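# Dropping the sequence and predicted coords here.
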Amino acid sequence: QVQLVESGGGLVQAGGSLRLSCAASGFTFSSYAMGWFRQAPGNEREFVTAISWSGGRTYYADSVKGRFTISRDNAKNTVYLQMHSLKPEDTAVYYCARRRDFVAIDPSSRSRYDYWGQGTQVTVSS
């Protein structure tokens, strides 16, 4: 069965960095685009970034552009989210998700992702 397991979250001061990982299993990872979303308390789950199956194309929300970087290692079945210059407003549970179709078509659409991890908490203190 498809499994996505996030790790790497934690507590960090504003301006700091974290790297999240998402280990995938149960499907041919290299055939699927992947994405990261986040959800803060009282807010809807929002798109953060996505990456094509090859890693050749990436997409970012305006709020994280220039600070976050998505990457993947298809040999390790893992997608990463490197976060720099973290802000208190980045505090959220971060989820990775598998994209079920061509990621260039509205990368931020939650309905186009079919499997989700359990999430990892990121807390940025001011």
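Everything's here; your move.
# can you tell me which residues contact the residue positioned nearest the centre of the chain?
Against the mean C-alpha coordinate of the chain, by C-alpha atoms, centre = their mean, the closest residue is residue 36 at 2.1 Å. Residues near residue 36 by C-beta atoms under 8 Å, 6 or more residues apart in numbering: 20, 22, 48, 49, 50, 70, 79, 81, 94, 95, 96, 97. In short, each C-beta sits where N, CA and C put it, glycine included.
# same thing but at 10 Å, please
6, 20, 22, 47-51, 60-61, 64, 68, 70, 79-81, 83, 94-97, 117 (C-beta atoms under 10 Å, 6 or more residues apart in numbering).
# backbone phi and psi for it, please?
Per-residue torsions, residue 36: phi -120, psi 140 (degrees, to the nearest 10).
# from the contacts of residue 36, which would you call buried?
Neighbour-count burial (16 or more other C-beta atoms under 10 Å) applied to the contacts of residue 36 gives 6, 20, 22, 47-51, 60-61, 64, 68, 70, 79-81, 83, 94-97, 117.
# thinking again about what came up before, distance of the residue nearest to the centre of the chain from residue 43?
Separation of residue 36 from residue 43 (C-beta to C-beta, to the nearest Å) stands at 15 Å.
# how close does the residue lying closest to residue 22 once chain neighbours are set aside sit to residue 25?
Distances taken as C-beta to C-beta, 6 or more residues apart in numbering place residue 96 nearest to residue 22, at 3.4 Å, with adjacent residues excluded. From residue 96 across to residue 25, the span is 12 Å (C-beta to C-beta).
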